[in-house]
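# give me coordinates for this.
(one chain, ligands or ions: 2)
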Amino acid sequence: MRGTNTYPGGVLSVVPTPITVRVPAKVNLHLSVGDSRQDGYHELVTVFQALSLTDEITVRSSDEPGIEVHGEGSENVPLDSDNLAWRAVLELARASGRDPDETGVHISINKGIPVAGGMAGGSADAAATLFALNALWKLELGRDELSGIAGRLGSDVPFALQGGTALGTGRGERLVPVLARHTYHWVIALHGEGLGTPEVYTELDRLRRNSDNRVGEVEPLLEAFASGDPRELALLLGNDLQAAAVSLRPGLRRTLRAGVDAGALAGIVSGSGPTCAFLCTDGDEAVRIAAELSGAGVCRTVRVAQGPVPGARLVGDEHVDRPPTPPQVHA
Ligand SMILES: C[C@@](CO)(OP(=O)(O)O)[C@H](O)COP(=O)(O)OP(=O)(O)OC[C@H]1O[C@@H](n2ccc(N)nc2=O)[C@H](O)[C@@H]1O
Ligand SMILES: Nc1ncnc2c1ncn2[C@@H]1O[C@H](COP(=O)(O)OP(=O)(O)O)[C@@H](O)[C@H]1O
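Ligands and ions are numbered 1, 2, ... in the order given. Sure thing, here's the model as predicted:
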């Protein structure tokens, strides 16, 4: 359902230099969760891929600061300092010596990424806001500085800045790009009600007291990018959080089965779920499988997506090459 959510109810009186940034959703192709750390986080080894489901964030200076959210699921997005985009404004203000109470920024978010779906939509909005404000405030912060600030906002935020395909370690915030030259085709099955990330990690800890099945090593998956064959990749997808998401939402089992029955090479819960992602042989197959899945009654709606796509970037600037990237994990 499409919606509009506005705060604090004002039509803007000043409209200088709006900056619009497009930012992608992610899927974890591999998500290996270690034990719980002292700080409550889990040590991860993950492979992120950025997908062509995107949010658009428009940031402008305004004498009526605030945030508005439009699009799918907007009614479930907070409009106060709980919004990750707003937290990004405050964090960047502090980091650049501004008064967080006097930012004079208005943000408009157009959601295309499912809310609370395990596709890191809130993190994407935070990353896009950092990227946009770096331009609006002419801060000229480099990739590493922005990424450091992003990591303080959430484990998934640095990846939304970077995009592409990347190996994430630590909480998921330490990234190394992975060279994945080929395009992969996905069907994404969305559910009406989201799952909370902390709840899913807690459920995994609970399940592990009785049985401790973990995904294998990440290296075979990294090697599979060389051929670009989705069949090879499909055999290696794995997510430790999947069992926990399915335990909390048993209906996901049916969704995963229906995608594979419809012809997907493999299906996986995306991150903490409940969104499911299905890898397909090619774009035509993805369209066909999406049509079949949407009639199967196992999810709210479906999308077709491709990956990898770039991270946060200015709208209108999509074809401008980025600076050279750091060393790659796989050539
Ligand atoms: C599971 C993943 C997989 O990429 O994403 P989602 O599927 O939710 O989008 C991430 O680990 C989510 O990252 P993100 O949503 O940024 O989480 P954060 O805000 O940093 O943390 C929210 C909560 O998740 C748990 N958490 C998160 C990351 C991590 N490595 N270990 C954890 O245990 C903690 O309970 C933490 O308080
Ligand atoms: N800009 C935002 N977009 C979406 N959700 C947000 C945003 N800011 C804060 N949230 C909150 O974060 C929660 C998780 O949302 P999201 O990042 O979309 O999912 P996930 O963590 O499963 O990938 C939502 O339930 C919502 O309350």
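# contacts, neighbours, all on C-alpha from now
Noted.
# ligand 2 contacts on this structure?
Selection of the chain residues close to ligand 2 by CA under 6 Å from any ligand atom yields 77-78, 82-85, 114-123, 125, 197.
# rerun that using 8 Å as the cut-off
74, 76-78, 82-86, 109, 111, 113-126, 194-197, 271-274 (CA under 8 Å from any ligand atom).
# and those residues, which of them are in strands?
109, 111 (DSSP state E).
# filter the residues of the chain next to ligand 2 to the buried ones?
Buried members of the residues of the chain next to ligand 2, scored by 16 or more other CA atoms under 10 Å, are 74, 77-78, 83-86, 109, 111, 113-126, 194-195, 197, 271-274.
# ligand 1 next: which of the residues you listed are close?
116-123, 197, 271-273.
# so which of the residues of the chain next to ligand 2 sit within helices?
In helices, defined here by DSSP state H, the members of those are 84-86, 121-126, 197.
# stretch 208-218 and ligand 1, any residue contact?
No - Stretch 208-218 lies out of reach of ligand 1 by CA under 8 Å from any ligand atom, never closer than 14.0 Å.
# pLDDT averaged over that stretch - what is it?
Mean pLDDT, stretch 208-218: 94.
# number the chain from 860, please
OK, 860 is where the count begins now, so the last one is stretch 1067-1077.
# residues in contact with that stretch?
889-892, 904-905, 1097-1099 (CA atoms under 8 Å, 6 or more residues apart in numbering).
# try it again at 10 Å.
If you take CA atoms under 10 Å, 6 or more residues apart in numbering as the criterion, stretch 1067-1077 is touched by 888-894, 904-906, 1026, 1061, 1063-1064, 1066, 1095-1100, 1102-1103.
# tell me which element residue 906 falls in.
strand 901-920 (DSSP states H and E).
# tell me which residues in that strand are buried?
901-920.
# any idea how far that strand is from the chain center?
Its chain's C-alpha centre and that of strand 901-920 lie 4 Å apart, by CA atoms, centre = their mean, to the nearest Å.
# going on from that strand, what's the next piece of helix or strand?
Taking DSSP H and E, what comes next after strand 901-920 is strand 925-930.
# want to throw the ones in helices among the residues of the chain next to ligand 2 into TSV with pLDDT?
Below are these laid out as TSV (pLDDT from 0 to 100):
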residue	pLDDT
943	98
944	98
945	98
980	97
981	98
982	98
983	98
984	98
985	98
1056	96
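# quick check: the two most widely separated of these?
945 and 1056 (19.6 Å; CA to CA).
# quick check: phi and psi at the closest residue to residue 954 other than its chain neighbours.
Leaving aside its sequence neighbours, residue 954 sits nearest to residue 1008 (CA to CA, 6 or more residues apart in numbering; 8.0 Å). Main-chain dihedrals, residue 1008, degrees, to the nearest 10: phi -70, psi -40.
# follow-up on the earlier one: so which of the buried residues of strand 901-920 also contact ligand 1?
Contacts with ligand 1 within the buried residues of strand 901-920, as defined by CA under 8 Å from any ligand atom: 901-903, 905, 907.
# in TSV: the residues you listed, plus pLDDT and distance to residue 960.
TSV is the format used below for those (pLDDT from 0 to 100; distance: CA to CA, whole Å):
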residue	pLDDT	distance to residue 960
901	98	33
902	97	35
903	98	35
905	98	36
907	98	35
